[in-house]
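Asks: below is the structure, and that's it, no one-letter string:
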């Protein structure tokens, strides 16, 4: 089989680097170009030191972009939509990792992203990038928009119960705990080590933009409002979404098990983690660092109709680059786990 | 003024050590004895290395206990209630830091603590130990039961809005993030550094025993059910309680301000933290390490009736030893901030 | 090619778990048994949660050991030597990861390990397990003894300059900084998270047992005494050896480059890291987590004859399991990097 | 006693903030002004969130500087020397915390600081700021230059043995491990949390500028050359200096004890930490966070003439602000420990 030529636009960021790490070992991929305005002309390993000796690639400017089969776009929100019309003429397939093509309605962008969308006609052409929700549409798709990391963890936790029609749709509270790599690689006062180390920082108690895509995906199941907060904690990678779901009617633990098993029993990257004992009896992001797994667990509150659904991912993997490569594999009819076999480390 | 003779029972644990650190510098206190069965005969600094050269005290066995004015009891849950009848004859005042005297109803112990209470007649004699809620009862009190750390953070966050009658009482969701010192100083697989480092561990998604005291204190304000989860994160000290409260009726941010200011404007250890910008615009436990402050902030969700109230403390200080010394000061008519002036560090 | 049957003795520890992680993905290996007395009968994933869904193996007792081709022995120091005579009858090849077969002279064990060796006749049969130093002897070897993690980092740093005869042999000072996983998975006061978090703990200022194997390997190059100290810092994985070497005669930076390039230019797992700028211009263990690389850099002190050689590894990989798999590959004539391709993560 | 009017120049940095924290509680001090060009007009708590509600001070520009008794100068290296001539007319006493007045010889500045000194005539007027070395000169002194943090830890470790004439002066190797607050509060790629978290970063293997002041202070004891390296590790505060000293002649552990006890037995802020057992048997910076202690321990290598002397401080306290306040107290004839009583926390 011929290799698929792949280019990464905006490859000097953390997501771009993670894509490179995965795609350099992908047996069906040839990386054609990696772009960065800031580092054009510099070796990749200057920015991604883990890739030393593994590649001789150097960054080029986006101006030098050549046609390729698949383009991974890792530009900042707001910039991606402006480049997209030009990019469509350069690549057969595009996987966009910004937020610019996640929402179906252009009208939602001013509220959540604080700008008007410049390519509204393209919004409906993108498949929303969570494979477990949109696998069929991804097969042979031309355009995929990767989901937000917090949205991915939250949606994978909530989807089975919402789809089963069990949930009081306007009552769900979601608390996401995330690491510092979520914010990208630009230094700021907020990310300065003495300030960021050991925090439990409420960075978005309300109005987090990932709410928009979460509610959009759940809208099929009735009237939904997600009460979402995000808290930054002291690690680099990882997301834990703790979802407080209230059931409309009594459901046994056993039936909850069935629902999750039906939803995810065949999924290569979702593990249901629910054990009676042990310190890893609930999902734990730290053992997922570098892996594409999403671990999901749940616990019924014996005192109420609440079910706590917990979902753990590595934000740069299942929440970004790993999800994108998984979508890439589906798009091209390749085995879904190709280049994504790394199981995570313990201890770490 | 004569010094008050104070003894700490169970002084080799983290709370006992913190009490020692505070009381060694308390101008009106003379520490008479500190007990530890495990370290009887050993110097205090062997166990609390920060106190090297600051005291020559050695631990004694509880058998050697002498009468004193005030006894701080730092025994494990379940042991404190068994010792209490004897202790009453040895001290004029007792401040108990276990959970054994927090609940008013003996009948609640089997459910939340998994044992029957052996001294049920004493339960109603203890004042619940949060000064901001029970200051008047503490003045001259004989028996005080310090509150749980997570309960303290949660109650101080919720109290003003519940008291004002604004809250849908059965809908509140509370997510507490805590550090590893909450679990005390006994090593286990759960606290082994390679396993505990960098976790986002759901250690009590449901059924946390602090729920009992939270609901007990809020019961005065109507039908209350708190949906509570606790997650362990990678620091040593600190608690952040993120409380998702749903208002019965519309209340403006300005009126919320008023309510919090009325409740806490005169409190020496509560700061309302709500700023427009800056990385410390919400309460942050890391800058409270070693201090007795409880920082409280809030944010109204513009899309719903939700108010997110955030509350940060140092679990060993405002959540344990600091709270106990504050109660001690009130009990004895001393200035409330005595020995509690340390402001916390930045950066840390 | 037939798969090689492999058994791991003492597979519930961190090194055993890491071997499992690697060997489960090794294309030429079939894992036959994994033993643990403590967890016999339990699923592997109970102890190594990162391997959930990746294997159905359960632990068995060492009593149930069956013949196999290659046995990885991960028993504690002192126990390995006692089991070894029996193990020799069960496996064609043995790779021992304890310290019991690292020293050539039985007489050295009382000094460094505080016990008499029970199988002194075997000591000379084991190849010392650092491939870069003993690759030829490993080809077709029957018995290999993996090197200590700190010894590995130190020796790979020192070897080229010592071999070149440039060093004042009795003057070298080595300071190793290591993570908490070096101590294994047994909880203790020393590893209790509140005590271990954020330490800079001088755990072996003198008399570290890895000195013995370091000096043994360097003895070929003259009179050698290594002044070694080990300090524990706040991470889980990683070793940085900072080696202060004093040159006998003036050598230019350019010539030092040549010496290191000659020594390691063809090595698949050693990278010379020496850049003019950038925050990763010296070796950094954090980007090696999970990888088998040893990154080595150096800097000449312009004021003296000192050269600072820095060497970074993941102690569980190049310092233990990765090194053992690399030796296994050489022993069996397989491509040396098989199952060891993981490049490490950035950021992490 | 009248309060001493104190102004802090450059008070928005970490050292300035720490000075404020200490001086706000100093019974003999009235803080007159705190300057910051960047934050002029802003409240102190905006920058130092731990000081919320404890002060109403706002920053002013240095242009608005008024005469005061004592001026603490926390300007960057290179700027302090330029301002100094003007500052001399504004304050009776000056304590400078930059490196600009640490070296006696103007000729040394180009080599170590890469600039020419603009006020060489002032260099000899400043007392070098380590109280344990220059207490007598500080009494009534007008000008004091605080020592560098790494230099302080190193000098306090080395001084007794050098002064006793026991050391091979050109053979000492010093390895300092430090936290991220050493670099100040300006964000950069090097301090970006995902890059800085969990590092063991060799930031100055050779040519660290603190070498200059270390050798200057030790020069009285003969021909001295310090082989110094600095490594950044993953904490915020703290320095551990591990000093490998080689004795000229045999000295017993007992005699080493005597030497250290003679040197420091009466020192209020130096503790000799050398215990047979326990996890804090050597000096540990983490329990010194916020305190002004320097803990010093040592261990003789039984195999050689090496003595490993370890010295731990909080770089912002004994290594900067605490040292400066201690010097201030001596300068003004106040009890030396005033405002410096905080003992450090355990656990932390």
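Replies: That came through, no problem. Here the structure is a predicted model, which is why all the values come from computation and not from measurement.

Asks: excluding its backbone neighbours, what's nearest residue A:312?
Replies: In space, and not counting its chain neighbours, residue A:312 is closest to residue A:283: 3.6 Å by C-beta to C-beta, 6 or more residues apart in numbering or on different chains. C-betas here are computed from N, CA, C, even on glycine.

Asks: and that neighbour, how many neighbours does it have?
Replies: By other C-beta atoms under 10 Å in any protein chain shown, 31 other residues sit near residue A:283.

Asks: surely it touches residue A:311?
Replies: Yes: between residue A:283 and residue A:311 there is a contact at 6.1 Å, judged by C-beta atoms under 8 Å.

Asks: what's the overlap in contacts for the two?
Replies: Residues within reach of residue A:283 and of residue A:311 at once, by C-beta atoms under 8 Å, 6 or more residues apart in numbering or on different chains, are A:240, A:295-297.

Asks: and the residues you listed, which is closest to chain C?
Replies: Among the shared contacts of residue A:283 and residue A:311, residue A:295 lies closest to chain C (C-beta to the nearest C-beta), at 7.8 Å.

Asks: just list whatever residues bridge to that closest one.
Replies: Residues in a beta bridge with residue A:295, per DSSP bridges, are residue A:271, residue A:312.

Asks: next up, the contacts around it.
Replies: A:270-273, A:283-284, A:288, A:311-313, C:52.

Asks: do residue A:286 as well
Replies: Here residue A:286 is in contact with A:235, A:238, A:348, B:197-200 (C-beta under 8 Å, 6+ apart).

Asks: what separation do you get for it and residue A:239?
Replies: Residue A:286 sits at a distance of 11 Å from residue A:239 (criterion: C-beta to C-beta, to the nearest Å).

Asks: again, but for residue A:249
Replies: For residue A:249 relative to residue A:239 (C-beta to C-beta), the value is 30 Å.

Asks: between the two, who's got more neighbours?
Replies: Neighbour count, other C-beta under 10 Å: between residue A:249 and residue A:239, residue A:239 has more, with 28 against 8.

Asks: around chain B, which positions in the stretch 51-200 of chain A sit nearby?
Replies: Residues of the stretch 51-200 of chain A lying close to chain B (C-beta under 8 Å from any C-beta of the partner chain) are A:171, A:173, A:175, A:177, A:189-190, A:194-195, A:197-200.

Asks: which two in these are spaced the farthest apart?
Replies: Greatest spatial distance among these (C-beta to C-beta): A:171 and A:194, at 39.6 Å.

Asks: okay but residue A:284 is in contact with residue C:50, surely?
Replies: No: taking contacts as C-beta under 8 Å, residue A:284 lies outside contact range of residue C:50: 9.8 Å.

Asks: identify the contacts common to these two.
Replies: By C-beta under 8 Å, 6+ apart, no residue touches both residue A:284 and residue C:50.

Asks: residue A:34 is in contact with residue A:61, correct?
Replies: No: with contact defined as C-beta under 8 Å, residue A:61 does not reach residue A:34; the gap is 11.0 Å.

Asks: those two: which has the busier surroundings?
Replies: residue A:34 (28 against 14).

Asks: contacting residues around the more buried one?
Replies: Counting by C-beta under 8 Å, 6+ apart, residue A:34 makes contact with A:7-8, A:11, A:16, A:20, A:44, A:57, A:59-60.

Asks: now it, what's its secondary structure?
Replies: What DSSP: H, G, I helix; E, B strand; the rest coil gives for residue A:34 is strand.

Asks: now the top helix by length along chain A: buried residues?
Replies: With secondary structure taken from DSSP state H, chain A has its longest helix at helix A:149-163. Judged by neighbour count (16 or more other C-beta atoms under 10 Å in any protein chain shown), helix A:149-163 contains these buried residues: A:149-163.

Asks: neighbours around residue A:76, how many?
Replies: For residue A:76, the neighbour count with other C-beta under 10 Å is 13.

Asks: re earlier: inside strands: which ones of the residues of the stretch 51-200 of chain A next to chain B?
Replies: Judged by DSSP state E, those include A:173, A:175, A:177, A:200 as members of strands.

Asks: thought residue B:237 was touching the last one, still the case?
Replies: No: the criterion here is C-beta under 8 Å, and residue A:200 misses it with residue B:237 at 10.9 Å.

Asks: report the set of residues contacting both of those two.
Replies: Common neighbours of residue A:200 and residue B:237 (C-beta under 8 Å, 6+ apart) are residue B:285.

Asks: hang on, residue A:191 packs against residue A:183?
Replies: Yes: assessed by C-beta under 8 Å, residue A:191 is found in contact with residue A:183 at 6.0 Å.

Asks: more neighbours: which of these two?
Replies: Applying other C-beta under 10 Å to residue A:191 and residue A:183 shows that residue A:191 carries more neighbours, namely 23 against 19.

Asks: give me the number of residues near the nearest residue to the more buried one once chain neighbours are set aside?
Replies: What sits nearest to residue A:191 in space, not counting adjacent residues and going by C-beta to C-beta, 6+ apart, is residue D:193, at 4.7 Å. Neighbourhood size, residue D:193 [other C-beta under 10 Å]: 28.

Asks: okay, residue A:171 and residue A:194: which has more neighbours?
Replies: residue A:194 (25 against 21).

Asks: list the contacts of that one.
Replies: By C-beta under 8 Å, 6+ apart, the neighbours of residue A:194 are B:347-348, D:14, D:179-181, D:185, D:191, D:236.

Asks: one more pass at 10 Å, please.
Replies: Residue A:194 makes contacts with B:346-348, D:14, D:179-185, D:187, D:191, D:193, D:196, D:235-237, D:316, as judged by C-beta atoms under 10 Å, 6 or more residues apart in numbering or on different chains.

Asks: for residue A:150, same thing?
Replies: Counting by C-beta under 10 Å, 6+ apart, residue A:150 has contacts A:174, A:176-178, A:182, A:204, A:208-211, A:213-214, A:228, A:230, A:239, A:241, A:313, A:315, A:319.

Asks: and it, how far from residue C:99?
Replies: From residue A:150 to residue C:99 the distance is 46 Å (C-beta to C-beta).

Asks: and what of residue A:329?
Replies: Distance, residue A:329 to residue C:99, by C-beta to C-beta: 45 Å.

Asks: repeat for residue A:160
Replies: The gap separating residue A:160 from residue C:99 is 50 Å, by C-beta to C-beta.

Asks: need the pLDDT of the residue lying closest to residue A:122 once chain neighbours are set aside.
Replies: Leaving aside its sequence neighbours, residue A:122 sits nearest to residue A:84 (C-beta to C-beta, 6+ apart; 6.1 Å). In this model, residue A:84 is scored at 98, pLDDT.
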